[in-house]
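Asker: Provided below are the primary sequence and the corresponding predicted coordinates.
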Amino acid sequence: MTNQIDTNSLLRVEDLKTWFPAKNNSLLPTEKKFVKAVDGVSFELKQGETFGLVGESGCGKTTIGKTILRLEKATAGKVLFEGKDVFSLNRQELKGFRQKTQMVFQDPYSSLDPRMTVEKIIQENMIIHKAYSKEEREARTEKLLEDVGLAGFHARRFPPELSGGQRQRVCIARALSLNPKMVVCDEPVSALDVSIQSQVLNLLMDLKNSYGLSYLFIAHGMAVVKHISDRIGVMYLGKMMEISPKSELYAQPLHPYTQALLSSIPIPEPGLKRERIILKGDVPSPLNPPTGCRFHTRCKFARPECRECEPCLREIAKDHFVACHLYDDAPEVKKTEQEENKE
């Protein structure tokens, strides 16, 4: 991917790798192997933007979110937040970074302490960071509950007394308690009823505007990321396959994998059908990924070079990047003099 630095960039991920050592169940010593959950991913999140990260389960989406927030240890690469290298922050700097970045997890039940009231859950971050006085914490808790669509009496409730949608609203309120600049949303609606999902998505969009947030929105449903994202990155087996503005991606997907994902979106009109692209075979193991393009084992357009040489992420149209040998002959977008000066 082009190493162009955008002055509006809040977060920049450069060639990020997160590998996990695999267990050796043999009694004999063998070569150490790694599960390559994230294997050289680059993208950026602009100020005030929602960047959707989408792909099949196990492609490394959640691992990217956790690595960015230093909840997982990176193997290689850089994460720059407001121009500072996240992996080189000392303890005091990391505490400041935690105030500016928060995460909303997939399962609202397991991410909340069932022994704490909603009020204590929301105020915990504020107490740890000594951000507000007691009176200010109480006033802020009341406002946050109101902003996420809960009533004041919910502050005295415990998580088991709430519905799934209410628990996720509490998680969102907790994430906003310190006025962060960026929130990583790890499939925040996948564990909710379909009737509640749209309500939570609309809530996140409203809060983004009122709180001036930037989202890294992780999901496996193309319809969900279309609703909330400004730009979208498509991942497969630890690699980024395509990055594009939302409108461009859904109008003209370039990568065969993206085309297959989009073909699975149902059309909400009786009688209308979309031509489904059925991917044959299973997703290869990240413990032993294929050589060349990770997707070539399931791609009907695979050529000999796809099996031998890994394609790089190239800008084929303005802000539209794709990693596919089908576009090797396509000219890259020429930068203006102003864009070249930013590098």
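Answerer: Thanks, I have the structure now.
Asker: how about the strands in the stretch 101-250 of the chain?
Answerer: Counting by DSSP state E, counting those that start in this stretch, the stretch 101-250 of the chain has strands at residues 101-104, 182-186, 214-219, 231-236, 239-245.
Asker: now those strands in TSV, with distance to Phe153 and mean neighbour count?
Answerer: C-beta here means a position set from N, CA and C on the backbone, and glycine is covered the same way. Compiled in TSV, the strands of the stretch 101-250 of the chain are given as follows (distance: least, Cβ to Cβ, whole Å; neighbours: other Cβ atoms under 10 Å):
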stretch	distance to Phe153	mean neighbour count
strand 101-104	23	23
strand 182-186	26	24
strand 214-219	29	26
strand 231-236	39	25
strand 239-245	43	24
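Asker: Is it possible to get CSV of these that adds distance to Tyr132?
Answerer: Converted to CSV, these look like this (distance: least, Cβ to Cβ, whole Å):
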stretch, distance to Tyr132
strand 101-104, 16
strand 182-186, 19
strand 214-219, 23
strand 231-236, 34
strand 239-245, 38
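Asker: Pull the helix of greatest length in the chain out as CSV, backbone CA atoms only.
Answerer: Scanning the chain for the longest helix, with DSSP state H as the assignment, gives helix 194-211. Only the C-alpha atoms of helix 194-211 are listed here, as CSV (Å, rounded to 0.1, in the frame of the first residue of the first chain):
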residue,chain,number,x,y,z
VAL,A,194,-32.1,-8.6,14.6
SER,A,195,-34.8,-6.1,15.8
ILE,A,196,-32.3,-4.5,18.1
GLN,A,197,-29.3,-4.4,15.7
SER,A,198,-30.5,-1.4,13.7
GLN,A,199,-31.3,0.5,16.9
VAL,A,200,-27.7,0.1,18.2
LEU,A,201,-26.2,0.9,14.8
ASN,A,202,-28.2,4.1,14.6
LEU,A,203,-27.2,4.9,18.1
LEU,A,204,-23.5,4.5,17.3
MET,A,205,-23.9,6.8,14.3
ASP,A,206,-25.6,9.5,16.4
LEU,A,207,-23.0,9.3,19.1
LYS,A,208,-20.2,9.6,16.5
ASN,A,209,-21.6,13.0,15.5
SER,A,210,-22.4,14.3,19.0
TYR,A,211,-19.1,13.1,20.6
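Asker: List the contacts of that helix.
Answerer: Outside of helix 194-211, the residues that reach it under the criterion Cβ atoms under 8 Å, 6 or more residues apart in numbering are 48, 50, 147-149, 164-165, 168-169, 172, 176, 179, 185, 188-189, 192, 213-215, 217, 224, 227-228.
Asker: average pLDDT across it?
Answerer: Predicted confidence along helix 194-211 averages 93 (mean pLDDT).
Asker: Could I get the buried residue list for that helix?
Answerer: Of the residues in helix 194-211, those with enough neighbours to count as buried (16 or more other Cβ atoms under 10 Å) are 196-197, 199-201, 203-204, 207-208.
Asker: starting at the chain centroid, how far to that helix?
Answerer: Average the C-alpha atoms of helix 194-211, do the same for its chain, and the two points are 16 Å apart (Cα atoms, centre = their mean, to the nearest Å).
Asker: OK, contacts around Asp193?
Answerer: Asp193 makes contact with 164-165, according to Cβ under 8 Å, 6+ apart.
Asker: Please report the distance of the closest residue to Leu112 other than its chain neighbours from Val170.
Answerer: Using Cβ to Cβ, 6 or more residues apart in numbering and skipping residues adjacent in sequence, the residue nearest Leu112 is Pro159, 4.2 Å away. Relative to Val170, Pro159 is positioned 7 Å away (Cβ to Cβ, to the nearest Å).
Asker: which one of those two has more residues nearby?
Answerer: Higher neighbour count among Pro159 and Val170: Val170, with 25 against 21, using other Cβ atoms under 10 Å.
Asker: could the strands of the stretch 101-250 of the chain go into JSON lines alongside mean pLDDT and distance to Leu71?
Answerer: What follows is these, written out as JSON lines (pLDDT from 0 to 100; distance: least, Cβ to Cβ, whole Å):
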{"stretch": "strand 101-104", "mean pLDDT": "96", "distance to Leu71": "8"}
{"stretch": "strand 182-186", "mean pLDDT": "96", "distance to Leu71": "9"}
{"stretch": "strand 214-219", "mean pLDDT": "96", "distance to Leu71": "13"}
{"stretch": "strand 231-236", "mean pLDDT": "96", "distance to Leu71": "18"}
{"stretch": "strand 239-245", "mean pLDDT": "97", "distance to Leu71": "20"}
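Asker: Name the nearest residue to Ala131, sequence neighbours excluded.
Answerer: Ala131's closest residue in space is Leu178 (Cβ to Cβ, 6+ apart), at 5.9 Å.
Asker: That neighbour - how many residues pack around it?
Answerer: As a burial measure, Leu178 scores 18 neighbours (other Cβ under 10 Å).
Asker: Offset the numbering so it begins at 525, please.
Answerer: All right, first residue 525 from here; so that's Leu702.
Asker: which residues touch it?
Answerer: Leu702 makes contact with 623, 626, 649-650, 653, 655, according to Cβ under 8 Å, 6+ apart.
Asker: out of those residues, which is most surrounded?
Answerer: Neighbour counts for the contacts of Leu702 peak at Gln626, which has 23 neighbours (criterion: other Cβ under 10 Å).
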